[in-house]
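J.: Okay, sequence plus prediction incoming.
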Amino acid sequence: MAGSGVFARLRNLWSGFVSLWISDLEKEHPEIAYENAINALVGRYAGLKKATAGIIRRRDEIQTRLAQQNKELAQVSAELSVAIEGGQDDLAIVLVQKKQQLEASLAELRADAESSVKDADSAKASLLQVEAEIRRLKAEKDTMLAKMQSAQAKIRINEQLDGLSVDAEVKALDNVRQHIQTVVAEANLNQELKETSLDTRLAALREKTGEVGARQELDRLKAAMAAKKTQKTM
């Protein structure tokens, strides 16, 4: 007995694991849950349709029996009238008894016929309701799956946008930018150091001094030429 209890608990535990696994699977793939629900309704519809067909068959059979017995009652009533008119009391008694039996049977058949009609109408209404539920669930499946696909696309886009600044490509580009700026700064620094060095300043001074000397020599030559012209005119 104890062993059977352990096996029962293990079976329940395993069933619980399977149920959780199926639940997680359906969350990841909701189309499975919808298909399972739709298939369950389709199976219920098939069973209900078969049961409804049996109820309708019974209704039709009762209606047929009711029509036959009504016809038989009319025939017996006509025969009874002929027997009474012909003074055939022995036949009339038999026909009266048969008529009474038919009338009692017809009363039961009418009640059964009324009940069978209600049962058939109720079964057909239930069948139509399940059919409508199947159509509604199929439409809901298409709508909900489309919404989920749209939401998943938005999530993927947001994840791409959120992770854009930390992508390796963007990091590499930032490193390249920093390297370029460093190279430019280094080149500018070399130029600044060159402009402020003593050798550069001395060379600039010598160039300026030479230019001043050349200017003075030019002025002297111009003065000498002017003096010569003055002497010639005298």
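T.: Structure's in. What do you need? Everything numeric here is computed off the predicted structure, so don't read it as measured data. Numbers count the residues shown, from 1 in each chain.
J.: Go through stretch 127-135 and flag the buried ones.
T.: For stretch 127-135, a neighbour-count test (16 or more other Cβ atoms under 10 Å) marks Leu127, Val130, Ile134 as buried. The way it works is simple: take the backbone N, C-alpha and C, and place the C-beta from them, glycine included.
J.: Please report the distance of the first one from Lys171.
T.: Meaning Leu127. 65 Å (Cβ to Cβ, to the nearest Å).
J.: where's the helix ranked longest in the chain relative to the chain centroid, distance-wise?
T.: Ranked by residue count and defined by DSSP state H, the top helix of the chain is helix 89-162. Chain-centre distance of helix 89-162: 30 Å, with Cα atoms, centre = their mean, to the nearest Å.
J.: Stretch 53-65 now?
T.: On Cα atoms, centre = their mean, the centre of stretch 53-65 falls 45 Å from the chain's centre.
J.: Which pLDDT value belongs to the closest residue in space to Ala123 that isn't next to it in sequence?
T.: Spatial nearest neighbour of Ala123, excluding adjacent residues (Cβ to Cβ, 6 or more residues apart in numbering): Thr52 at 4.0 Å. We have a pLDDT of 93 for Thr52.
J.: count of neighbours near Thr52?
T.: For Thr52, the count of nearby residues is 20 (other Cβ atoms under 10 Å).
J.: Also the one 5 residues further on?
T.: A total of 12 residues lie near Arg57 under the criterion other Cβ under 10 Å.
J.: before we move on, what about Arg59?
T.: 20.
J.: quick one: it and Leu128, what's the gap?
T.: Taken as Cβ to Cβ, the span from Arg59 to Leu128 is 17 Å.
J.: Could you do Ala111 as well?
T.: According to Cβ to Cβ, Ala111 stands 26 Å off from Leu128.
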